[in-house]
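Q: mind looking at a prediction? Sequence and model below.
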Amino acid sequence: MTLDIDFIRNQFPAFQTQALKGQAFFENAGGSYTCGQVIDRLTRYYYERKVQPYAPYEASTLAGAEMDEARERLAAIMGVDTDEVSFGPSTTQNTYVLSQAFALHLSEGDAIIVTNQDHEANTGPWRRLADRGIEVREWQIDPETGHLDIMDLSNLLDDRVKLVCFPHCSNVVGEINDVAAICTVIRAAGAYSCVDGVSYAPHGIPDVGALGADIYMFSAYKVYGPHQGIMCINRDLGMRLPNQGHYFNADSLYKRFTPAGPDHAQVAACAGLADYIDDVYAHHSSDDTDPRARGHFVHDLFRAHEVELLQPLLDYCRSKNSIRLLGPTDAAIKAPTVALSVQGNADAIAGELSAHGIMAGGGDFYAVRCLEAQGIDPMNGVLRVSFVHYTHPDEVAKLITALDQVVPS
């Protein structure tokens with residue numbers, strides 16, 4: 001099955017706006033455009049349901065029902081129970097709250113493992129547990145390839161390790177880590193797994209249940225939605241950890257790690273992500289199936305399109321002596337997040353690309369440890385060009401042409 005790119009782009013109002021005509025968006029790793037289904041729900045909520053939810057009058061009842069719908073439908077797609085999904089203001093905030101819960105749960109002398117492949121938002125809060133007497137071990141990348149070797153993880157695991165935090169894929173290396181295999185190793189060692197899915201979920205919402213992660217987190221605003229952090233947490237683990245919410249909500253799993261009240265409108269609008277997946281599925285298939293299977297189908301559809309567009313870009317970058325391409329050169333094992341080490345300041349080069357109608361970014365992208373481990377000066381940073389399934393083949397061709405003019409051979 002081939003993705004109908006014209007249908008897809010019609011679902012995103014950004015592509016119909018005059019202000020963005022002639023612009024090719026390649027900073028999707030920083031946040032994607034929002035699909036119309038989410039915008040419609042958010043608009044309706046603000047027009048009709050902007051009241052305190054869960055009261056007995058109709059506007060409030062509908063508001064609460066739509067918030068519940070978002071949780072139920074996303075959980076069904078991800079293969080987890082409804083109450084195992086919670087919303088927070090961001091994944092950064094969700095990680096911080098979770099780390100505070102683990103700080104109270106762990107004992108001095110216990111150990112956790114983090115990586116230097118991560119975005120700082122997923123590694124920093126965990127590293128601070130060292131101040132509480134928790135040993136922090138680092139699973140390090142290969143300095144040449146950026147790869148995390150599962151054998152290196154095995155060498156770090158022992159009975160003192162209680163938690164391993166790692167990314168589904170890095171926001172600069174882009175390699176898709178084998179989450180299911182890694183979680184199996186972690187579970188066998190008697191530890192819990194916490195997966196940062198922020199850089200992966202935009203390329204297809206994963207089946208978290210099949211991956212076997214105890215905790216999986218991602219950001220809705222990078223998955224065509226509003227600015228919310230979405231977290232899946234295994235019920236047994238979630239109920240073992242100390243409650244971080246109001247004391248009277250301690251029995252509610254999805255409220256235990258949201259100490260502040262959620263943004264009701266944005267939570268409700270997240271149901272639009274499920275609408276979008278269903279609409280994409282219905283356009284490409286006539287089979288009647290369940291939400292989890294629809295999610296699998298759409299995930300694979302998105303990835304196939306991305307791989308087809310990504311490989312020519314990787315081949316081009318690999319062919320230029322003036323470019324160091326971070327991460328794999330095989331599109332099948334890489335998200336379309338392409339970080340390039342180039343001569344000079346990467347942010348300045350991104351500015352030159354903008355004159356050619358290319359929207360991209362340059363910098364460290366909060367992956368300072370990852371860049372330094374690969375011998376890259378974070379002050380110069382990397383040029384990052386990233387896309388998702390709604391990117392058109394013509395835009396990739398336009399990007400290659402622009403790079404040829406801006407980056408010397």
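A: Done, it's in.

Q: can we go C-alpha only for contacts and neighbour counts from here?
A: Will do.

Q: mind giving me the packing neighbours of whichever helix in the chain runs longest?
A: With DSSP state H setting the assignment, residue counts place helix 291-319 as the longest helix in the chain. Counting contacts by 3 or more Cα pairs under 8 Å, 6 or more residues apart in numbering; DSSP states H and E, helix 291-319 is packed against helix 58-78, helix 271-284, strand 323-325, helix 393-406.

Q: and the second one, what other elements does it pack with?
A: Packed against helix 271-284 by the contact rule (3+ Cα pairs under 8 Å, 6+ apart) you find helix 36-48, helix 58-78, helix 291-319.

Q: can you put these in JSON lines and add distance to residue 16?
A: Written out in JSON lines, the entries for these read as follows (distance: least, Cα to Cα, whole Å):
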{"stretch": "helix 36-48", "distance to residue 16": "11"}
{"stretch": "helix 58-78", "distance to residue 16": "27"}
{"stretch": "helix 291-319", "distance to residue 16": "21"}
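
Q: now those in CSV, with distance to residue 368, mean pLDDT and mean neighbour count?
A: What follows is the helices and strands packed on helix 271-284, written out as CSV (distance: least, Cα to Cα, whole Å; pLDDT from 0 to 100; neighbours: other Cα atoms under 10 Å):
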stretch, distance to residue 368, mean pLDDT, mean neighbour count
helix 36-48, 33, 98, 17
helix 58-78, 31, 98, 20
helix 291-319, 22, 98, 19
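
Q: nearest to residue 151, of those helices?
A: Each of the helices and strands packed on helix 271-284 has some distance to residue 151 by Cα to Cα; the shortest is helix 291-319, at 27.3 Å.

Q: before we move on, the earlier item: now the helices and strands packed on helix 291-319 in a markdown table, with distance to residue 197?
A: As requested, the helices and strands packed on helix 291-319 are exported to a markdown table (distance: least, Cα to Cα, whole Å):
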| stretch | distance to residue 197 |
| --- | --- |
| helix 58-78 | 12 |
| helix 271-284 | 16 |
| strand 323-325 | 22 |
| helix 393-406 | 25 |
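
Q: to residue 316, which of the ones you listed lies closest?
A: Relative to residue 316, the nearest member of the helices and strands packed on helix 291-319 by Cα to Cα is helix 393-406, separated by 7.5 Å.

Q: returning to that earlier point: of the helices and strands packed on helix 291-319, which is nearest residue 218?
A: Counting by Cα to Cα, residue 218 lies closest to helix 58-78 out of those; the figure is 12.0 Å.

Q: list the helices and strands the closest one packs on?
A: Under the contact criterion of 3+ Cα pairs under 8 Å, 6+ apart, helix 58-78 touches strand 85-88, helix 264-269, helix 271-284, helix 291-319.

Q: now for those, which one comes closest to residue 9?
A: Among these, helix 271-284 comes nearest to residue 9, with 11.1 Å by Cα to Cα.

Q: related to what we said a few turns ago, quick check: angle from the longest helix of the chain to helix 271-284?
A: Direction vectors for helix 291-319 and helix 271-284, defined by axes from the mean of the first three to the mean of the last three Cα atoms, to 10 degrees, enclose an angle of 80 degrees.

Q: next, the angle helix 393-406 makes with helix 291-319.
A: Computed by the same axes, to 10 degrees, the angle between helix 291-319 and helix 393-406 is 30 degrees.

Q: quick revisit: tell me which of the helices and strands packed on helix 58-78 lies nearest to residue 223.
A: For those, proximity to residue 223 was assessed by Cα to Cα; helix 271-284 is nearest, at 7.9 Å.

Q: list the contacts of that closest one.
A: Under the contact criterion Cα atoms under 8 Å, 6 or more residues apart in numbering, helix 271-284 has outside partners 1, 3-4, 8, 35, 37-41, 66-67, 69-71, 73-74, 77, 223-225, 291, 294-295, 297-298.

Q: check contacts around residue 189.
A: With contacts defined as Cα under 8 Å, 6+ apart, residue 189 is in contact with 157, 158, 159.

Q: so how far is residue 98 from the closest residue to the first one other than its chain neighbours?
A: What sits nearest to residue 157 in space, not counting adjacent residues and going by Cα to Cα, 6 or more residues apart in numbering, is residue 189, at 6.7 Å. Between residue 189 and residue 98 the distance is 21 Å, computed by Cα to Cα, to the nearest Å.
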